[in-house]
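Engineer: here is a sequence with its predicted model. Questions after.
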Amino acid sequence: MATEKLKFKLELFATFWDKAPNIDILVNNKVHFSDQITGSEDEPTVIQFEQELESGKHDLEIKMSDKTDPQTVVNEKGEIIKDQLLHIKNIEIDDIDIGSLVFEGVYTPEYPKLWYGQQIKAGKKPPESYKNVKIMGYNGSWKFGFESPFYMWLLENLY
């Protein structure tokens with residue numbers, strides 16, 4: 001089976017007031033990065049790595065973990081005044097900016113149990129996943145599916 005070595009470059013930044021978000025970056029469940037993201041929008045954290053991939057379907061995954069309820073501060077009106085968020089600024093695969101394809105990624109949050117229960121009681125069941133997002137506000141996973149050979153997949157999915 002044919003293989004190709006792809007280079008990945010992710011630019012991520014965080015909004016936080018107390019502690020930075022913890023993340024793992026994986027390709028096909030292989031961890032390439034595991035640490036806090038402290039970069040800002042102007043100076044994002046840049047993560048680069050390579051992975052050999054066989055022909056077929058693959059997943060690039062960003063997992064956010066260890067966010068606790070106190071990281072989200074709400075005022076008496078119910079408005080969020082402080083929070084911990086992870087932002088995806090840019091993703092390149094093999095030196096190609098995937099551009100708007102980033103919005104094809106699927107974010108599956110792990111909602112806080114107490115908040116989720118309150119939403120269900122109020123008849124407002126939150127979505128199980130989101131597409132078209134570049135911001136993670138809950139622990140959870142953002143997955144971007146692509147295929148190898150990458151250039152063939154890219155040409156088929158650009159427009």
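Structural biologist: Noted; the coordinates are in hand.
Engineer: and stretch 120-139, what's buried?
Structural biologist: The neighbour-count check on stretch 120-139 (16 or more other CB atoms under 10 Å) flags 130, 133-134, 136-139 as buried. Backbone N, C-alpha and C define where each C-beta goes, glycine included.
Engineer: in the residues you listed, find the pair that's most separated.
Structural biologist: Spatial extent of these (CB to CB) is set by the pair 134 and 139 at 16.9 Å.
Engineer: now stretch 120-128: average pLDDT?
Structural biologist: For stretch 120-128, the mean per-residue pLDDT is 93.
Engineer: hey, C-alpha coordinates of it in PDB?
Structural biologist: Listed next in PDB are the C-alpha coordinates belonging to stretch 120-128 (Å, rounded to 0.1, in the frame of the first residue of the first chain):
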ATOM      1  CA  ILE A 120     -32.400  19.300  29.400                       C
ATOM      2  CA  LYS A 121     -34.800  20.300  32.200                       C
ATOM      3  CA  ALA A 122     -35.400  23.600  30.400                       C
ATOM      4  CA  GLY A 123     -36.200  21.800  27.200                       C
ATOM      5  CA  LYS A 124     -33.100  23.100  25.400                       C
ATOM      6  CA  LYS A 125     -31.100  20.100  24.500                       C
ATOM      7  CA  PRO A 126     -27.600  21.300  23.200                       C
ATOM      8  CA  PRO A 127     -26.300  19.900  19.900                       C
ATOM      9  CA  GLU A 128     -24.200  16.800  20.100                       C
END
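Engineer: sketch out the helices for this structure, chain order is fine.
Structural biologist: 113-121, 150-157 (DSSP state H).
Engineer: for the longest strand seen in the chain, which strands pair with it and how are they oriented?
Structural biologist: Within the chain, and with DSSP state E defining each element, the longest strand by residue count is strand 3-15. In the sheet containing strand 3-15, the strands it pairs with under DSSP bridges are strand 45-54 (antiparallel), strand 85-93 (antiparallel).
Engineer: tell me the most buried of the ones you listed?
Structural biologist: With neighbours taken as mean count of other CB atoms under 10 Å, those reach their highest mean count in strand 85-93, at a mean of 19.
Engineer: show me how far it is from its chain's centre.
Structural biologist: For strand 85-93, the distance between its averaged C-alpha position and the chain's averaged C-alpha position is 7 Å (CA atoms, centre = their mean, to the nearest Å).
Engineer: run through who's touching that strand.
Structural biologist: When contacts are defined by CB atoms under 8 Å, 6 or more residues apart in numbering, strand 85-93 is touched by residues 6-16, 21, 23, 37, 41, 44, 60, 62, 64, 97-98, 102, 105, 134-137, 142, 144, 146, 150.
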